[in-house]
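*Asks:* give me a model of this one.
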Amino acid sequence: MTGLRVALVALVFLCGSSLAAPDVISPSLRVKQADRLVDLASQLVKINTQMVFENTGAEAARYVILVVDEAHTASMAYINAILVEPNKGGVKPMKLVETTVKGQERSGHRFYRVDLKTPLSTGKTVTITLETIHSHLLEPFPKEISQKEKQLIKYTGSHYIFSPYLVVKQKTTVNLSARNVESYTKLKPVSQADQSLNYGPYENIPAFSHDAMVIHCENNTPFLTVRNLQRAIEVSHWGNIAIEETVDLEHTGAILKGSFSRFEFQRESGSGLSSVKSFKTILPASATDAYYRDDIGNISTSNMRVMSDAVELNLRPRFPLFGGWKTHYVIGYNVPSYEYLYNSGDNYILKIRFIDHIFDDMIVDDAVTRIILPEGCTNIKLKAPYAINRLPDTLHFTYLDTKGRPVVVLHKTNLIEHHIQDVEISYTFPRLLMLQEPLLLIIALFLLFVLVIIYVRLDFSINKDEASENRLRIAGLVDKVLSHQLKRMTAYDAYDDQLNKLRQIKDLNSFNSSLKSVTSDLKAETQAIADHQTKLKSDGPELAEKVSELQKLDKALKEVLAQQQALYVEKLVPGKINRTAFLEVDGPLVKKKSDIREKISVVVKSLQH
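*Replies:* Residues are numbered from 1 along each chain as shown. Model prediction:
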């Protein structure tokens, strides 16, 4: 039994050693023909190499090794291998597995193993296309340009295809963005045709050969880089997914030298050729309620075009972007959840893009995507189409949340358009929890109504004091009586003024006209005092007596004024009485009127106290 255990341990050790062992580059394999296309027409360097592998050995080859040289590994954003089958009229994607190669462990190159579905026998060939895309590999040269200058870039590569195998024959075509080529290395044979450079054919190039290729040419395409992308996806089981992206954008081309002139920029067509005035963002076809804003507020210089398969947003920043200039903005929209969310019972799968289109030939240096799931989700799993760093999950709190919503945080650097692929988030969510928020809302409203009912029924007032309330009520009535008495005395003053005018100018028509208004005021005020006197009789009989006395004095004053009016109208104005007789009659009336006014003042003062 002990011997069996030892044998098993040895077998496991040997298997582990074989799995960890580096791959070997087969000397019997060679690249019979290689055609490389290097695309420098944008800010990305796209290298497409089609290689025909031939087996010249006696044993069948089960895999081939592809390599990316050390100078290009840091900038490589994307790599892909395709099996070309001309006889079958199609291509098939192949799985790339990064590996190590015996003898090259410290070289700094990156090796990839491609397993062949059918072993490559002696004399047979297989065609494989290797596609790599590189960011920040083009260097603005010079690094600073004025507003009127064109942007020039420098590309550094190799004349030879970097391969771990002998390359029998190879050619390279370099596509440029413009005809203007300042300089380029000339390893013969080489030729220039329109917007391309053609190198080769070169024959029998040994493995890992390198010969420096430098191309200095014009490139005014937008050199835009998203330095930081924060993407938030909030999932609701009620039919909506809200997406918001916060973008830090920088023009990474040649830096603007000197000051910016808007006048020259708008007047001259050749000014600011490498600047970015606007760019197009493609949203999903079902996107609605899109918005575009920055720290200042909503940016209205954007246009949205709804097409059959997408929504196109033409975004125009507040200012054109020159080299070294930056901008920051937020874009958001809603999409229906039925296009991205699938379920079977309590099990859900969310299929949504890790990043989305921002602009053509985009570069995203750093991206963080936060997927906010409904509260109560458990057993959350991630399935990604490529290597993505999943950070620790967090919680997000919003209205009606109790425990918080789980947030899946994903992070990746150096992304391009080829990374616009779906990630899959699977989770478990009890469907009964969908009633949680409506029930919480109903309970909250119910409690609010109960509190309102209790509040209305409770008596928070101070205990009633009948005597105090009576005093306050009497004081209010007395104040109103005094107010009306003041207005009545003002009317009497006006009455006296009219009598004095009649005595002086003897205009009876004017007197009668003015007296109507005065008489009306006196009648209204006297009636108001009488009404308040009636109310006072029950609450304050003593004060009611004083008001009654005030009314009697008022009546006496009216009688004196009526006697004066009769004297003036019937005797003085017609001239039926001489001055001496007039004074003998008028004098006692004036004195009597003055005495009544004094008595009224005494009564008013007693009411005030």
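*Asks:* who's in contact with the residue nearest to residue 56 when sequence neighbours are not counted?
*Replies:* Ranked by CB to CB, 6 or more residues apart in numbering and with sequence neighbours excluded, the top spatial neighbour of residue 56 is residue 28, at 5.2 Å. C-beta coordinates here come from the backbone N, C-alpha and C atoms, glycine included. Applying CB atoms under 8 Å, 6 or more residues apart in numbering to residue 28 gives the contacts 55, 56, 57, 58, 59, 61.
*Asks:* mind redoing it with 10 Å?
*Replies:* 54, 55, 56, 57, 58, 59, 60, 61, 120, 122, 165 (CB atoms under 10 Å, 6 or more residues apart in numbering).
*Asks:* what's the answer for residue 172, then?
*Replies:* 34-38, 47, 49, 157-161, 187, 190, 197-202, 213.
*Asks:* please apply the same query to residue 286.
*Replies:* Counting by CB under 10 Å, 6+ apart, residue 286 has contacts 241, 310, 311, 333, 334, 335, 336, 338, 339, 340.
*Asks:* between those, which sits nearest residue 532?
*Replies:* Nearest to residue 532 among the contacts of residue 286 is residue 334, at 68.3 Å by CB to CB.
*Asks:* which stretches of the stretch 351-500 of the chain form helices?
*Replies:* Remark: helices assigned in the stretch 351-500 of the chain by DSSP state H, counting those that start in this stretch are 436-457, 466-505.
*Asks:* quick one: mean pLDDT over the last one.
*Replies:* The average pLDDT for helix 466-505 rounds to 81.
*Asks:* ok, now the first one?
*Replies:* Computed over helix 436-457, the mean pLDDT rounds to 88.
*Asks:* list the buried ones in it?
*Replies:* 436, 437 (16 or more other CB atoms under 10 Å).
*Asks:* same check, this time on stretch 521-535
*Replies:* For stretch 521-535, burial by neighbour count (16+ other CB under 10 Å) applies to 521, 522, 525, 526, 528, 529, 532, 533, 535.
*Asks:* closest to residue 404 among the residues you listed?
*Replies:* Of all the buried residues of stretch 521-535, residue 404 sits closest to residue 535, with 66.2 Å by CB to CB.
*Asks:* so the closest one belongs to a helix, correct?
*Replies:* Yes - counting by DSSP: H, G, I helix; E, B strand; the rest coil, residue 535 is part of a helix.
*Asks:* who's in contact with it?
*Replies:* Contacts of residue 535 (CB under 10 Å, 6+ apart): 473, 474, 476, 477, 480, 481, 544.
*Asks:* next one: residue 568 from residue 513, what distance?
*Replies:* Note on residue 568: its distance to residue 513, by CB to CB, to the nearest Å, is 15 Å.
*Asks:* tell me which of the two has more neighbours.
*Replies:* Legend: neighbour count by other CB atoms under 10 Å for residue 568 and residue 513, higher for residue 568 (20 against 11).
*Asks:* is it correct that that one falls within a helix?
*Replies:* Yes - secondary structure of residue 568 (three-state DSSP): part of a helix.
*Asks:* looks like it contacts residue 502 (just checking).
*Replies:* Yes - the pair residue 568 and residue 502 passes the contact test of CB atoms under 10 Å, sitting 5.2 Å apart.
*Asks:* overlap in contacts, the two.
*Replies:* Listed contacts common to residue 568 and residue 502 are 508, 511; contacts here mean CB under 10 Å, 6+ apart.
*Asks:* ok so residue 563 is a helix residue?
*Replies:* Yes - assigned with three-state DSSP, residue 563 falls within a helix.
*Asks:* assign a three-state SS to the residue lying closest to it once chain neighbours are set aside, would you?
*Replies:* Closest residue in space to residue 563, ignoring its immediate chain neighbours: residue 589 at 5.7 Å, by CB to CB, 6+ apart. Here residue 589 takes the helix state, with states given by three-state DSSP.
*Asks:* where do the helices of this protein begin and end?
*Replies:* With DSSP state H, the ranges of helices along the chain come out as 2-20, 70-73, 262-267, 436-457, 466-505, 508-539, 541-566, 579-608.
*Asks:* for the last one, packing partners?
*Replies:* By that I understand helix 579-608. Contacts defined by 3 or more CB pairs under 10 Å, 6 or more residues apart in numbering; DSSP states H and E place helix 579-608 against helix 466-505, helix 541-566.
*Asks:* quick one, that helix and helix 466-505 angle?
*Replies:* Orientation note: helix 579-608 sits at an angle of 160 degrees relative to helix 466-505 (axes from the mean of the first three to the mean of the last three CA atoms, to 10 degrees).
*Asks:* distance between helix 579-608 and the chain's centre?
*Replies:* 84 Å (CA atoms, centre = their mean, to the nearest Å).
*Asks:* now do the buried residues in that helix.
*Replies:* Within helix 579-608, the residues scored as buried using 16+ other CB under 10 Å are 582, 586, 592, 593, 596, 599, 600, 603, 604.
*Asks:* out of those, which comes closest to residue 143?
*Replies:* Residue 143 lies nearest to residue 604 out of the buried residues of helix 579-608, by CB to CB, at 97.2 Å.
*Asks:* who's in contact with the residue nearest to that closest one when sequence neighbours are not counted?
*Replies:* Excluding its sequence neighbours, the residue lying closest to residue 604 (CB to CB, 6+ apart) is residue 485, at 6.1 Å. Residues in contact with residue 485 (CB under 10 Å, 6+ apart) are 525, 526, 528, 529, 547, 550, 551, 554, 600, 603, 604, 607.
*Asks:* ranges for the strands of the stretch 251-400 of the chain?
*Replies:* Taking DSSP state E, counting those that start in this stretch as the test, the strands found in the stretch 251-400 of the chain are 255-256, 279-284, 288-293, 302-306, 310-315, 326-336, 341-344, 347-353, 364-372, 378-383, 389-396.
*Asks:* can you redo those strands as TSV with mean neighbour count and mean pLDDT?
*Replies:* As requested, those are exported to TSV (neighbours: other CB atoms under 10 Å; pLDDT from 0 to 100):
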stretch	mean neighbour count	mean pLDDT
strand 255-256	18	91
strand 279-284	19	94
strand 288-293	14	92
strand 302-306	13	86
strand 310-315	17	92
strand 326-336	17	95
strand 341-344	13	94
strand 347-353	17	96
strand 364-372	20	97
strand 378-383	13	95
strand 389-396	12	95
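*Asks:* now those as TSV including distance to residue 419?
*Replies:* Shown next, in TSV, are the strands of the stretch 251-400 of the chain (distance: least, CB to CB, whole Å):
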stretch	distance to residue 419
strand 255-256	28
strand 279-284	15
strand 288-293	22
strand 302-306	25
strand 310-315	18
strand 326-336	18
strand 341-344	22
strand 347-353	9
strand 364-372	8
strand 378-383	15
strand 389-396	13
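*Asks:* any weak-confidence spans in the stretch 201-350 of the chain?
*Replies:* When residues are selected by pLDDT under 70, those of the stretch 201-350 of the chain lie in 263.
*Asks:* in JSON lines: the helices and strands packed on helix 579-608, plus distance to residue 229.
*Replies:* Shown next, in JSON lines, are the helices and strands packed on helix 579-608 (distance: least, CB to CB, whole Å):
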{"stretch": "helix 466-505", "distance to residue 229": "71"}
{"stretch": "helix 541-566", "distance to residue 229": "84"}
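*Asks:* of all those helices, which lies closest to residue 457?
*Replies:* Here helix 466-505 is closest among the helices and strands packed on helix 579-608 (CB to CB), at 23.2 Å.
*Asks:* count of neighbours near the nearest residue to residue 61 once chain neighbours are set aside?
*Replies:* Leaving aside its sequence neighbours, residue 61 sits nearest to residue 120 (CB to CB, 6+ apart; 4.3 Å). Using other CB under 10 Å, residue 120 is surrounded by 22 other residues.
*Asks:* pLDDT score assigned to residue 120?
*Replies:* 90.
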